[in-house]
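Colleague: okay, sequence plus prediction incoming.
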Amino acid sequence: MAVFGNPNADSGMEELVVVAETSVEDAEERDAIANEIASVTVDIVNLPPDDICLAPPHSVLKTSSGKIRRAATAEHYRSGSLGKSQTPVWRQVTGLALRSAAQRWRHAVPRAGAWLYAGYAWGIFGIAMTLVALIALPLPRLSWRWRVAHHIARGASLLTGIRTRAHGLAHFPCQEPCVLVANHASYLDALILTAVFPHDFRYLAKAELSQPFLTRFVLRRMGVLFVERDNTREANNTTEQVLQTAREGGSPAFFPEGTFRPEPGVQDFHMGAFVSAAKAQVPVLPVAIRGSRALLRGREWLPHPGIVDVTVGAPLQPKSSEWSEAVRLRNESRAFIVAESGEPDLASAG
């Protein structure tokens, strides 16, 4: 039995409530029990109870030591849940387990889908590389090899759900060499540019990629120039190779940031591309890639489908071969790429 006060919102007075447990179900017997409780209450406190609640056994809450929990019982009384049957423990545990399993399933299904897509995408990329090796590499001319690689890259992009949208292709100087510079946000940037441009470029790649024989053979057949970033003498040799390429009518392609990070943002540009353009007196073609970072971030190997916009800016003509002109070319190229890539300017932030 529990006795407690219950505030009456209408009268502003506190009512006396008695909660008593009984298993009796007969109406007359229950009335007799209620009358007896009312009589005893009057004898004890000289007041009749305002409400007598006859509840099933175990309705009056108790502590582990057997003390009555009046406040908790009163709360159940006010909420109308007093005397209602409690959910069995086994059902509570089962329900909790089922809810937990459902939540894990909701998380597992998208993850499994991501892994399945990744396996499919890497399979397509592997087939594309095999086709390039079998069809493009044996061709005698670099321009032919790049045209085949262009069509294969376009097919691989479509099959993997990577939709490329090109803007400003009319700016491309088809009849003269140029130095292409683009922001670097993903491992897929080279694939994306190859799918967009049907023209052959001489990409620059870090020297580490030339160590495995097969990689070195494939990349050299595709006209890639290897650069030793930490060796000043080798870097000068690379600059001479770039100049020679431009003078011979080739178009070198740079990622002047040098590398990329998982976090969004355009980093500082190295000067090599712009010094080469100024010395060779060939235009710089700024290209902004928007959206590739979300397809395959740095330190990740799970690609994702999506849309990538490639925007080509107007060619920037060098006016002299001086260092100051190279700086101007860098600044204008970078300003265009920052504006069109949709990513923050990390140089300004720093």
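Modeller: Nice, thanks for sending it over.

Colleague: which phi and psi does residue 248 have?
Modeller: The phi and psi values for residue 248, taken as degrees, to the nearest 10, are phi -90, psi 0.

Colleague: gap between it and residue 202?
Modeller: Noted for residue 248: a distance of 10 Å to residue 202, by C-beta to C-beta, to the nearest Å. (Glycine included, C-beta is placed from N, CA and C.)

Colleague: which of these two has more neighbours?
Modeller: Higher neighbour count among residue 248 and residue 202: residue 202, with 22 against 8, using other C-beta atoms under 10 Å.

Colleague: secondary structure class for the residue nearest the centre of the chain?
Modeller: The centroid of the chain falls nearest to residue 294 when counting by C-alpha atoms, centre = their mean (6.4 Å). The three-state label given to residue 294 by DSSP: H, G, I helix; E, B strand; the rest coil is coil.

Colleague: how about residue 4?
Modeller: Quick answer, by three-state DSSP: residue 4 is strand.

Colleague: that one is in contact with residue 73, isn't it?
Modeller: Yes: between residue 4 and residue 73 there is a contact under C-beta atoms under 8 Å: 7.1 Å.

Colleague: quick one: common contacting residues for the two?
Modeller: Both residue 4 and residue 73 are contacted by residue 19, under the criterion C-beta atoms under 8 Å, 6 or more residues apart in numbering.

Colleague: which one of those two has more residues nearby?
Modeller: Taking other C-beta under 10 Å, residue 4 and residue 73 do not tie; residue 73 has more neighbours (23 against 17).

Colleague: and the strands in the stretch 201-350 of the chain?
Modeller: Secondary structure of the stretch 201-350 of the chain by DSSP state E, counting those that start in this stretch: the strands cover 202-206, 225-227, 252-254, 284-290, 306-312.

Colleague: what's the closest of the ones you listed to residue 268?
Modeller: Set against residue 268 and scored by C-beta to C-beta, the strands of the stretch 201-350 of the chain come closest in strand 252-254, at 13.5 Å.

Colleague: rewinding a little: count the neighbours of the closest residue to the residue nearest to the centre of the chain other than its chain neighbours for me.
Modeller: Among residues not flanking residue 294 along the chain, residue 306 sits closest, at 5.6 Å (C-beta to C-beta, 6 or more residues apart in numbering). Number of residues near residue 306 (other C-beta under 10 Å) recorded here: 15.

Colleague: now residue 306, which residues is it bridged with?
Modeller: Beta bridges link residue 306 to residue 162 when assigned by DSSP bridges.

Colleague: kindly report the same for residue 205.
Modeller: residue 226.

Colleague: let me see the contact set for it.
Modeller: With contacts defined as C-beta under 8 Å, 6+ apart, residue 205 is in contact with 219, 224, 225, 226, 227.

Colleague: redo the residues you listed as JSON lines? Include distance to residue 315.
Modeller: Converted to JSON lines, those look like this (distance: C-beta to C-beta, whole Å):
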{"residue": "219", "distance to residue 315": "26"}
{"residue": "224", "distance to residue 315": "23"}
{"residue": "225", "distance to residue 315": "21"}
{"residue": "226", "distance to residue 315": "26"}
{"residue": "227", "distance to residue 315": "23"}
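
Colleague: can you pick the most crowded of the residues you listed?
Modeller: Neighbour counts for the contacts of residue 205 peak at residue 227, which has 22 neighbours (criterion: other C-beta under 10 Å).
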